[in-house]
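> My questions are about this predicted structure, shown below with the sequence.
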Amino acid sequence: MSLPLMPGTNELVHGDLLRVNYRKCHTLASRDPPRASHPERDTFVMKESATSGGGSLLPASLAMDRKVLRFRAYFKEAVNESATETDRTRQVILYYFLEDNTLAVVEPRQLNSGMNQGTLIKRHKIPIDGKGRPITYTDIRLGVDISLYGKTFRVFDCDQFTRMFCEKNSHEVGESESPPEDAFGTLTKAKFEANQKREFVGGIGRLSTNKTAAAGGSSATREEVLSTTQFLQNDRKVLKFKAVWDGGYRRNFNLYFFLADGCIELIEVLPPNSGRDPFPSFVRRRKCLKADSATGSVRNSDLSFQKSDQQYYTAHDLIVGKEIYICGKAFLLYDCDAFTRNYLITTLNVPPSDLQTVNVSLPEKAAVKAVIPPHNGFGDEEDSLRSCKQLALRCPVKDIRKIVECGNLMLKFEMELVTTNQSDSMRRFVLTYYIADNTVSIFEPALRNSGILGGRFLQRQKVKIDGNRYAQAADFFVGAEVTISHRQFRVISTDERSLVYMEQQSREFDKSNIDTIMNKLQAMLKSQQSGLKEAFATADLDGSGCLNYLEFLDLVQSLNLPLVEQEIITILRYLNSGSQTSEISYSDFMSLVGGDLESRDESWEDIHSEWVKEKETEKNIAVAERVKLQETQDGKAAQGMLIFLQEYEKRRALFHQELKVICDFTEDGTISATEFKRVCRDKLRLQMTDIQLDLLCQKLFPPSLLRIPYREMIRLISNTTSYPHSTHKIARIRK
């Protein structure tokens, strides 16, 4: 049953829907070359001798591929309004392409012909008669005129291949003839012969007529030959000088003299932050006229075509220490590079004494220190200081870590005014120092029947003591006198919490450091000039052998010893387990200081300074020993890391596998120092000592990074990690 012939059904019958044979055709088998299907192209029948291979069945379109017949022809064209010629003979070349019987007419270009030359007729089949028959090579003969698109061409010659091809195909091409001469050709030939007879003088000798003709008839002048010789001998050779121009502002330049053509280029060397635009060159590459050394001016050149006698700067004019004028500006040459110096000495015979570097440096100006203006009273002083140091205003950076750790820590001191006014001497103040941000607040308690209202005396803020620096925690201690807001205060007491904190932080608070105080007391007891040892016995009025706080304070003040009340409180608290109300006995005091001390007839300051020097020497020795020990440990760790990296390069896949297994075995997918040691010893069996491995693990796993993920461990080994330490840093490998 056939399907109806309707739209869409034809695809069902003849299309791929009902197809049952899906074979693939064999396309790589050798077949006979396809014959051209254009009868017009293949009507040309060649003889066996004309085709490649004799008797080949290839059509002409393939057998004659890239074979072209070339004929030479000419046509005459009238020239109007010319005093030297009336007509011109224009020679052309006829290209006949055998593969498709097409023809192209091309006129060779002629120098200064004044006519548009080139392709006159594009390649195509050109009809030769009124019936439209295309031209063939049999229609072209030497000495015969042919008409193409109304223009008559006289064929007068052909090349050797064309003549042989026509003879093999029984086509008489004819004999060659000479084209006629015209006035333009005669004049051009005369100029060419005149140039051939010219003799040149150059840097390489005298060029004769024969040499010039052999070179192709060059018409170069003497100046051209000299410039060409100069270019060939000095190409890519440049003299470099350092120059300076003082035009009210000192400016440095690099002067380049190109030996190839005698040009000069000036490039300015801009210092950092000069404010000048970085132009590529101050004076672009060109020949510069030589100026008068007295006036620095150049004679103006006229606009005539006559040869000028003006001279240009040469390499002989560029000497270190001399000035040259370029564009009316005086440039002092003060130095040159090694190649320039060698060239001037060997080639130009310049004495080395004339090439000494000239010192053109200016005296250094005193650095102007920026004066910070006084605070204007608006806002905090640190905020105002930011506007003097930065253009973009930003808030002062706060130590957040210190604020979090010391947020509730504060020191409290009781103070009194240092004044002769009796009413003010009764006033008491409580100063609170906040450790977190180094701020101070002062509160005045109310006194009954004093006539002075209590309350806030100074709000919480940073204060300057003595008018020049901010107050620190170590500036406040019992017995200290500080000036705050143009008022002088004396600290008379503090609370227990503040004393405990200062004793715990004794490195910051030297007045609560028992070691420092004891060293001073030892120096005082050793010195016979201080009189502390004898005064202690005489101060014991009741004969009990003990002194209380007030008696010990009076003793120190009577001897003018530099011990403040805070230091005396620290001694009493140390001897009496944190209490300053108890008494101090002479025996306990001497046992604390060091027992029987040898008396010396020196001042206690000299004895104390000697002790300080000894402590500094011991400290420096200890630091040197620690540094030496650290260097030794770092060296052993570096040796262990080098062994690890060398084995890693050999067995990289095994290293990755073992580290991956250890990390997968842990819950968080990380590796610790213990697990790393186990891998290196048991699995990888690295040849390193236990000390090297331990020190290596200390470097790889610092206290802040006890466990490392697998991927980050691989980055550590390959030196691509973001951690501050890496294997290359540990092994001391420099890039």
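Cool, the structure landed.
> Going by C-alpha atoms from here, please, whenever you check contacts or count neighbours.
Fine.
> where do the helices sit along the stretch 101-250 of the chain?
In the stretch 101-250 of the chain, the segments counted as helices under DSSP state H, counting those that start in this stretch are 160-168, 183-197, 209-214, 222-234.
> So which helix or strand of the chain has the lowest pLDDT on average?
strand 200-202 (a mean of 37; mean pLDDT, DSSP states H and E).
> residues near residue 711, how many?
By other C-alpha atoms under 10 Å, 15 other residues sit near residue 711.
> in stretch 481-492, what counts as buried?
Using 16 or more other C-alpha atoms under 10 Å as the test for burial, stretch 481-492 gives 481-483, 488-492.
> for the helix or strand containing residue 71, packing partners?
Taking DSSP states H and E as the criterion, residue 71 maps to strand 68-78. On a contact count with 3 or more C-alpha pairs under 8 Å, 6 or more residues apart in numbering; DSSP states H and E, strand 68-78 meets strand 87-97, strand 151-158, helix 160-168.
> mind giving me JSON lines with these and columns for mean pLDDT, distance to residue 699 and mean neighbour count?
Output for those, formatted as JSON lines (pLDDT from 0 to 100; distance: least, C-alpha to C-alpha, whole Å; neighbours: other C-alpha atoms under 10 Å):
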{"stretch": "strand 87-97", "mean pLDDT": "93", "distance to residue 699": "84", "mean neighbour count": "20"}
{"stretch": "strand 151-158", "mean pLDDT": "94", "distance to residue 699": "91", "mean neighbour count": "20"}
{"stretch": "helix 160-168", "mean pLDDT": "93", "distance to residue 699": "86", "mean neighbour count": "14"}
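> Between those, which one is closest to residue 263.
Comparing the helices and strands packed on strand 68-78 against residue 263 with C-alpha to C-alpha, the closest turns out to be strand 87-97 (44.4 Å).
> Next, the angle helix 183-197 makes with that closest one.
On the basis of axes from the mean of the first three to the mean of the last three C-alpha atoms, to 10 degrees, strand 87-97 is oriented at 90 degrees to helix 183-197.
> Where does the prediction get shaky in the stretch 501-650 of the chain?
The stretch 501-650 of the chain contains residues with pLDDT under 70 at 525-549, 551, 556-560, 577-605.
> For it, which segments count as strands?
546-547, 584-585 (DSSP state E, counting those that start in this stretch).
> What about residue 363, how many residues nearby?
Number of residues near residue 363 (other C-alpha under 10 Å) recorded here: 6.
> and the gap between it and residue 374?
Computed as C-alpha to C-alpha, to the nearest Å, the residue 363 to residue 374 distance reads 33 Å.
> Next: residue 494.
Residue 494 sits 34 Å away from residue 374, going by C-alpha to C-alpha.
> Quick one: distance of the helix or strand where residue 257 lies to the chain centre.
Applying DSSP H and E as the criterion places residue 257 in strand 250-258. Between the centre of strand 250-258 and the centre of its chain there are 25 Å (C-alpha atoms, centre = their mean, to the nearest Å).
> Specify the angle between it and helix 222-234 in degrees.
Counting by the same axes, to 10 degrees, strand 250-258 lies at 110 degrees to helix 222-234.
> Touching, residue 337 and residue 254? I think so.
No. Judged on C-alpha atoms under 8 Å, residue 337 makes no contact with residue 254 at a distance of 10.6 Å.
> Please report the number of neighbouring residues for the residue lying closest to residue 356 once chain neighbours are set aside.
Spatial nearest neighbour of residue 356, excluding adjacent residues (C-alpha to C-alpha, 6 or more residues apart in numbering): residue 320 at 6.9 Å. Residue 320 has 21 neighbours, counted by other C-alpha under 10 Å.
> Could I get the phi/psi values of residue 723?
Main-chain dihedrals, residue 723, degrees, to the nearest 10: phi -70, psi 150.
> residues touching the residue lying closest to it once chain neighbours are set aside, list them.
Closest residue to residue 723 apart from its sequence neighbours, by C-alpha to C-alpha, 6+ apart: residue 716 at 7.9 Å. Residues near residue 716 by C-alpha atoms under 8 Å, 6 or more residues apart in numbering: 723, 725-727.
> what helix or strand does residue 716 sit in?
Per DSSP H and E, residue 716 falls inside helix 710-717.
> got the buried residues for the helix or strand just after that helix?
If you walk from helix 710-717 toward the C-terminus, the next helix or strand you reach (DSSP H and E) is helix 727-730. Across helix 727-730, burial judged by 16+ other C-alpha under 10 Å covers 727-728, 730.
> Quick check: residue 670 vs residue 701, distance?
Residue 670 sits 12 Å away from residue 701, going by C-alpha to C-alpha.
> list residues touching both of those two?
Shared contacts of residue 670 and residue 701, counting by C-alpha under 8 Å, 6+ apart, come down to 707-708.
> which of these two has more neighbours?
residue 670 (21 against 18).
> In contact with the residue lying closest to that one once chain neighbours are set aside, which residues?
Distance criterion C-alpha to C-alpha, 6+ apart; nearest residue to residue 670, sequence neighbours excluded, is residue 709 at 4.1 Å. With contacts defined as C-alpha under 8 Å, 6+ apart, residue 709 is in contact with 663, 669-671.
> where in the stretch 101-250 of the chain is pLDDT low?
Applying pLDDT under 70 to the stretch 101-250 of the chain flags residues 195-219.
> And for the stretch 351-500 of the chain?
Scanning the stretch 351-500 of the chain for pLDDT under 70 picks out 467.
> Run through the strands of it in chain order.
410-417, 428-434, 439-444, 455-461, 464-465, 469-470, 481-484, 487-494.
> For these, give me TSV that also has distance to residue 79.
Formatted as TSV, those follow (distance: least, C-alpha to C-alpha, whole Å):
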stretch	distance to residue 79
strand 410-417	113
strand 428-434	109
strand 439-444	106
strand 455-461	105
strand 464-465	105
strand 469-470	102
strand 481-484	111
strand 487-494	114
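> Residue 274 is nearest to which of the ones you listed?
Evaluated over the strands of the stretch 351-500 of the chain, closeness to residue 274 peaks at strand 469-470, with 37.0 Å, by C-alpha to C-alpha.
> Return the list of strands paired to that closest one, each annotated with direction.
In the sheet, strand 469-470 lines up against strand 464-465 (antiparallel) (DSSP bridges).
> Now do the strand it pairs with: distance to the chain's middle.
46 Å.
> what does stretch 687-705 give?
Offset of stretch 687-705 from its chain centre (C-alpha atoms, centre = their mean): 36 Å.
> How far does that stretch stretch from one end to the other?
Using C-alpha to C-alpha, one end of stretch 687-705 lies 26 Å from the other.
> picking up where we left off before, closest to residue 188 among the buried residues of helix 727-730?
Of all the buried residues of helix 727-730, the one sitting nearest residue 188 is residue 728; the distance, using C-alpha to C-alpha, is 78.7 Å.
> isn't that closest one right next to residue 719, touching?
Yes. The criterion here is C-alpha under 8 Å, and residue 728 meets it with residue 719 at 6.3 Å.
> What about residue 457, how many residues nearby?
Per other C-alpha under 10 Å, the neighbour tally for residue 457 reads 14.
> residue contacts, it?
By C-alpha under 8 Å, 6+ apart, the contact list for residue 457 reads 441-444.
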